[in-house]
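Enquirer: Need a 3D model of the following:
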Amino acid sequence: MNNQTQPLLVPFTCDKCGKLLTWTLPDALVCCKQCGKWIASSDVKKDNPAITA
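Expert: Sure, this is the predicted structure:
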């Protein structure tokens with residue numbers, strides 16, 4: 001039984017340079033400071049499991 005009441009955090013990793021940017025809400029938009037690429041939730045790889053806040 002899953003009684004999660006808080007949103008899940010997902011890792012945002014840059015596809016271009018491979019740097020882990022942050023753990024944030026799935027609908028966030030994150031910019032990589034190293035290469036300038038914008039990463040959306042649709043670009044997030046499902047390698048790392050999500051965590052609860």
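
Enquirer: Every contact and neighbour count from this point should use C-alpha atoms.
Expert: OK.

Enquirer: Starting from residue 35, give me the distance back to residue 10.
Expert: 21 Å (CA to CA, to the nearest Å).

Enquirer: So if I had to pick from those two, which one is more boxed in?
Expert: residue 10 (22 against 11; other CA atoms under 10 Å).

Enquirer: List the residues that contact residue 12.
Expert: 20-24, 30, 39, 41, 44-45 (CA atoms under 8 Å, 6 or more residues apart in numbering).

Enquirer: What helix or strand is it located in?
Expert: strand 8-13 (DSSP states H and E).

Enquirer: That strand pairs with which strands?
Expert: strand 20-24 (antiparallel), strand 51-52 (antiparallel) (DSSP bridges).

Enquirer: out of those strands, deepest packed?
Expert: strand 20-24 (a mean of 16; mean count of other CA atoms under 10 Å).

Enquirer: Check which element follows that one along the chain.
Expert: strand 29-31.

Enquirer: Output the contacting helices and strands for the helix or strand following that next one.
Expert: Per DSSP H and E, the first helix or strand lying C-terminal to strand 29-31 is strand 38-40. Applying 3 or more CA pairs under 8 Å, 6 or more residues apart in numbering; DSSP states H and E, one finds that strand 38-40 contacts strand 29-31.

Enquirer: Show the average pLDDT along the strand it packs on.
Expert: Strand 29-31 carries an average pLDDT of 94.

Enquirer: List the contacts of it.
Expert: Taking CA under 8 Å, 6+ apart as the rule, strand 29-31 contacts 12, 21, 37-41.

Enquirer: Brilliant, that's me finished.
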